[in-house]
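# Please work out how this folds:
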Amino acid sequence: MRQTPLETKVSQVGNSTRQRIVAVQFEGNEAVLARFISAATRALLMAILISMPALVLPNVSPDSSQVTLLLSIFVGGLVFIEYYSNCPSIIEFRFAPPFNRLRFIAVFFTIFTLATIERSANDPNVLNRLLSAIGYLAGEILDFPFSPIQLVVNALPAGTELAEINTVRTSAALAYLASMVSLGVFYFMVRVLDWPARNGAFNVWINLPLFDPTAGGDVLPRLIRDGRFNIILGFTMPFLFPAFYKTISELANPLHLTNPQTLIWTVVIWAFFPAGLVMRGLAMTRIATMIGENRKRAYAVAQDLQPV
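Next comes the predicted model:
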């Protein structure tokens with residue numbers, strides 16, 4: 001039975017509509033799959049990062065391995081949930097690469113380097129000796145009066161053996177040097193490479209889920225204030241933490257830095273947590289500058305459009 005021209009037109013429209021629906025569904029499934037793979041990859045990398053000292057270091061106790069495994073699963077699951085969801089709730093600057101990638105690479109490199117140096121006592125090789133020599137040289141250079149490295153060494157309990165002092169100095173110097181290098185790279189990205197403007201549109205509220213825009217007052221001065229506070233706190237924490245450690249050591253049992261895993265995580269947190277605060281402060285001040293520039297352009301356009 002032949003179709004009339006009207007029926008043929010309706011059939012063509014219906015077929016094209018179904019084709020578009022199928023295409024949209026296929027693209028949606030591809031986006032979900034890509035987000036799943038991306039979140040799973042990041043979760044796996046974070047699990048490897050947490051478990052790296054236990055994997056690299058020799059003679060790790062079973063209890064320590066079990067705790068590390070549980071912690072790596074927890075952190076990996078948290079990262080997967082954050083990156084699989086459309087909007088983050090904890091992780092900041094998720095849509096502003098390479099902020100988090102830079103921090104991850106720096107921490108990953110530092111933990112691997114320190115674990116490799118600690119392994120040199122049981123499994124000496126060319127790589128271990130090379131990294132140990134670099135760490136020893138960095139410790140000698142950075143251990144000057146009133147430096148953070150010297151404060152860390154002075155915070156050790158009285159009677160600490162010379163070998164342990166050298167190990168702590170080397171680990172602290174390498175971790176602090178890596179944090180300063182990552183901070184310098186990020187500063188270069190902000191000032192020279194115009195981060196994050198070169199990545200396209202920047203959504204403040206999605207990239208700063210912990211910043212409440214409705215807390216009161218103008219957003220611009222609050223961003224500047226919080227950014228400067230993070231920068232100041234980040235630069236002072238490496239000097240304050242050794243004093244806090246020494247005070248706690250006099251009141252209670254201190255952390256046993258003779259344990260390689262304890263030493264690695266202590267110096268990594270001491271070096272990179274303040275560096276992360278400084279990076280966050282630089283990012284917030286940069287975002288405040290971008291908002292101020294956009295406001296000035298909007299005010300200028302509004303004045304030009306006003307009737308004479």
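
# Quick one: residues contacting Asn166.
136, 139 (CB atoms under 8 Å, 6 or more residues apart in numbering). For glycine as for every other residue, the C-beta is placed from the backbone atoms N, C-alpha and C.

# What residues sit buried inside the helix or strand containing it?
Using DSSP states H and E, Asn166 falls within helix 162-191. Using 16 or more other CB atoms under 10 Å as the test for burial, helix 162-191 gives 166-179, 182-183, 186, 189-190.

# pLDDT averaged over it, what's the number?
Taken as a whole, helix 162-191 has an average pLDDT of 92.

# next one: stretch 220-237
Across stretch 220-237, pLDDT averages out at 93.

# show me what contacts Thr116?
Contacts of Thr116 (CB under 8 Å, 6+ apart): 56, 127-128, 131.

# per-residue confidence for it?
89.

# distance of it from Phe241?
25 Å (CB to CB, to the nearest Å).

# Kindly report the same for Val268.
When Val268 is compared with Phe241 (using CB to CB), they lie 12 Å apart.

# now Asp226
In terms of CB to CB, Asp226 sits 21 Å off from Phe241.

# quick one: which of the two has more around it?
Legend: neighbour count by other CB atoms under 10 Å for Asp226 and Phe241, higher for Phe241 (20 against 17).

# so the more buried one is in which element?
Assigned by DSSP H and E, Phe241 falls in helix 219-251.

# Flag every buried residue along that helix.
So for helix 219-251, counting by 16+ other CB under 10 Å, buried means 219, 222-224, 226-227, 230-231, 234, 237-238, 241-242, 245-246.

# Kindly report the same for stretch 114-128.
114-119, 128.

# So for Leu78, what's the pLDDT?
Confidence for Leu78, expressed as pLDDT, is 93.

# same question but for Val152, I mixed them up
With respect to pLDDT, Val152 scores 89.

# What are the buried residues along the helix or strand containing it?
Taking DSSP H and E as the criterion, Val152 maps to helix 148-154. Residues of helix 148-154 classed as buried by neighbour count (16+ other CB under 10 Å): 148-153.

# which strands and helices sit next to it?
helix 126-142, helix 162-191, helix 219-251 (3 or more CB pairs under 8 Å, 6 or more residues apart in numbering; DSSP states H and E).

# mind checking how far Thr68 is from Asn59?
Distance from Thr68 to Asn59, by CB to CB: 14 Å.

# Same check on Val168?
20 Å.

# measure stretch 152-163 end to end?
15 Å (CA to CA, to the nearest Å).

# residues near Phe144, how many?
Count around Phe144 with other CB under 10 Å applied: 9.

# Tell me how many other residues crowd Ser65.
Ser65: 13 neighbours (other CB under 10 Å).

# from what I can see it touches Leu57, true?
No - Ser65 is not in contact with Leu57 according to CB atoms under 8 Å; the separation is 10.3 Å.

# before we move on, back to that, could I get the average pLDDT for the very next helix or strand once past the helix holding Phe241?
Downstream of helix 219-251, the first helix or strand assigned by DSSP H and E is helix 260-305. For helix 260-305, the mean pLDDT works out to 89.

# again with stretch 34-44
Stretch 34-44 comes out at a mean pLDDT of 92.

# Could you export it as PDB, CA atoms only?
Taking Å, rounded to 0.1, in the frame of the first residue of the first chain, the C-alpha atoms of stretch 34-44 are listed here in PDB:
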ATOM      1  CA  ALA A  34      34.400   7.500  30.500                       C
ATOM      2  CA  ARG A  35      33.600   9.000  33.900                       C
ATOM      3  CA  PHE A  36      33.600   5.500  35.500                       C
ATOM      4  CA  ILE A  37      37.000   4.600  34.000                       C
ATOM      5  CA  SER A  38      38.500   8.000  35.000                       C
ATOM      6  CA  ALA A  39      37.200   7.700  38.600                       C
ATOM      7  CA  ALA A  40      38.400   4.000  38.800                       C
ATOM      8  CA  THR A  41      41.900   5.000  37.500                       C
ATOM      9  CA  ARG A  42      42.300   7.800  40.000                       C
ATOM     10  CA  ALA A  43      41.000   5.600  42.900                       C
ATOM     11  CA  LEU A  44      43.600   2.900  41.900                       C
END
